[in-house]
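Participant: Please work out how this folds:
(one chain, ligands or ions: 2)
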Amino acid sequence: MHEPDYDIAGETAIVTGASQGIGKSIAETLAASGANVAICSRSIDRVGPVAEDINEAEDVPGEALAVECNVREREQVQSFVDETVEAFGDIDVLVNNAGGEFVANFEDISENGWKTIVDLNLHSTVHCTQLAGEVMREGDGGSIVNLSSVNGQHAAPGESHYGASKAAVIRLTETLATEWAGDGIRVNCIAPGLIQTPGVAETLGIQSEDMPSREKTERRIGHAEEIADAVQFLVSPAASFITGETLTAKGVPRAGNSMSQDLGLE
Ligand SMILES: CCC/C=C/C(=O)SCCNC(=O)CCNC(=O)[C@H](O)C(C)(C)COP(=O)([O-])OP(=O)([O-])OC[C@H]1O[C@@H](n2cnc3c(N)ncnc32)[C@H](O)[C@@H]1OP(=O)([O-])[O-]
Ligand SMILES: NC(=O)C1=CN([C@@H]2O[C@H](COP(=O)(O)OP(=O)(O)OC[C@H]3O[C@@H](n4cnc5c(N)ncnc54)[C@H](OP(=O)(O)O)[C@@H]3O)[C@@H](O)[C@H]2O)C=CC1
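Facilitator: Ligands and ions are numbered 1, 2, ... in the order given. Predicted coordinates for the structure are as follows:
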C-alpha cells in the first residue's frame, strides 16, 4: 500500500528570519522532522536562543545553527551560506521567510521607504536564492519555499510597496521553477492570510490573547504553526510533483482575499 512520504530527516534547511513568528515556527517544525536547520536574523541575541531551544529539546532530532545575517546584505548572506555548508555539509531546503512592511498610502512612501520594503521582501529573496541555490544546484538539488502574502495576490490599500514586492516573489517562484527543474530543484510559494505573530502585533496592533484554536474552521486569523506545517509538506517528498505553485493559507474562503478586508478596513 502507498504511504505518503513526509520524511526530511537528515536534510539541511536554511530558514531566514527565524528569531520569532512564522520563521521560528518553520525552524522548529523542520528540526522536529529531523532536518538540521541553519537560521538567521539581524541579531544573534534574538536568533541564538531559538537555536539553543532546538538543540536542548530531547525530542527534536534536528540540530540548529544560528547566524547573525541581515538578508538585505548580499555579503552577509554569502557568509551565512558558507557557514551552513561548513556546519552541515550541504543545503537541501531554503525557506525565504524574512520579510516585513509598514502600512502607508502610496503618496506617503518616500523613495527610501519604497526601496526598504522591496529590498527586504524581494532582493533578500534574490540574494538567498542565488547564493544558496548555487550550492543546491551543484549538489543533489532540493526545494525552495518563498513567503509571499495574499497581499501579493490581491490589492489592498496601504500595501502598494509590500504588495508589489510580494507579487514579484510569486512570479520569481514560477520562473525559477521552470529554469531550475533540470537541476532537481522545486520552487514553491506560500501566500498567508493574516497570521498572529509579533510582527503583526507590532504593525497592526493585533494581540494574541483571543487566538481561536486550529480546530475552529471558520476564522480569519491563523497560527504560525499552520504555515510551518504547509512548508514541511512542500519541502517533503510527498510534494514531489508540485513546483512553481503558490499555496494560499488564509482560512475560510470568501469574496476577495485582502487582509484589509479581514481587518475591517474596506
Ligand atoms: C495587512 C498587514 C499584513 C502584514 C504583513 C507582514 O508582513 S507583518 C509581519 C512583518 N513584520 C514587520 O513588518 C515588522 C514591523 N516593521 C518594521 O520593523 C519596519 O517598518 C521595517 C522592517 C519594515 C523597516 O525597518 P528599517 O529599520 O529597515 O527601516 P527604517 O525605519 O530605517 O525606515 C526606512 C524608510 O521607511 C520609511 N518608513 C518606515 N515606516 C514608515 C511608515 N509607517 N510610513 C511611511 N514611511 C515609513 C522611513 O521613513 C524610511 O524612509 P526615509 O525617512 O529615510 O525616507
Ligand atoms: N504575519 C502575517 O500575517 C503575514 C506574514 N507574511 C510574511 O511572512 C514572513 C514572516 O512574517 P512574520 O513572522 O509575521 O514576521 P515577524 O515580523 O514576526 O518576524 C520577522 C522575522 O524576520 C527577521 N528579519 C526581519 N528583517 C530581517 C533581515 N533584514 N534579515 C534577517 N532577518 C530579518 C526578524 O528577526 P530580527 O528582528 O531578529 O532581525 C524576525 O525573525 C514575512 O515575509 C511576512 O511578510 C505574509 C503574509 C501574512
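Participant: where in this protein is pLDDT low?
Facilitator: 208-209, 254-266 (pLDDT under 70).
Participant: What ranges does it have for its strands?
Facilitator: Applying DSSP state E to the chain gives strands spanning 12-16, 36-41, 64-68, 93-96, 142-147, 185-192, 195-196, 222-223, 246-249.
Participant: tell me the angle of the third one relative to strand 36-41?
Facilitator: Using axes from the mean of the first three to the mean of the last three Cα atoms, to 10 degrees, the direction of strand 64-68 lies 20 degrees away from that of strand 36-41.
Participant: May I have the strands that pair with strand 64-68, each with its orientation?
Facilitator: Taking DSSP bridges as the criterion, strand 64-68 forms sheet pairs with strand 36-41 (parallel).
Participant: which bits of the stretch 151-266 of the chain sit near ligand 2?
Facilitator: Proximity of the stretch 151-266 of the chain to ligand 2 is confined to 192, 194-195, 197-200 under the rule Cβ under 6 Å from any ligand atom. In this view, the C-beta of every residue, glycine as well, is placed from N, C-alpha and C.
Participant: Output the longest helix belonging to this structure.
Facilitator: Identified as the longest helix of the chain according to DSSP state H is helix 160-179.
Participant: Can you name the residues in contact with stretch 172-184?
Facilitator: Stretch 172-184 has contacts (Cβ atoms under 8 Å, 6 or more residues apart in numbering) with 122, 125-126, 129, 133, 136-137, 140-142, 144, 146, 148, 185-189, 243-246.
Participant: Filter those residues down to the buried ones and express that as a ChimeraX selection.
Facilitator: A single ChimeraX command is used to select the members of these judged buried by 16 or more other Cβ atoms under 10 Å:
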select :122,125,126,129,133,136,142,144,146,148,185,186,187,188,189,243,244,245,246
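Participant: Thanks a lot, see you next time.
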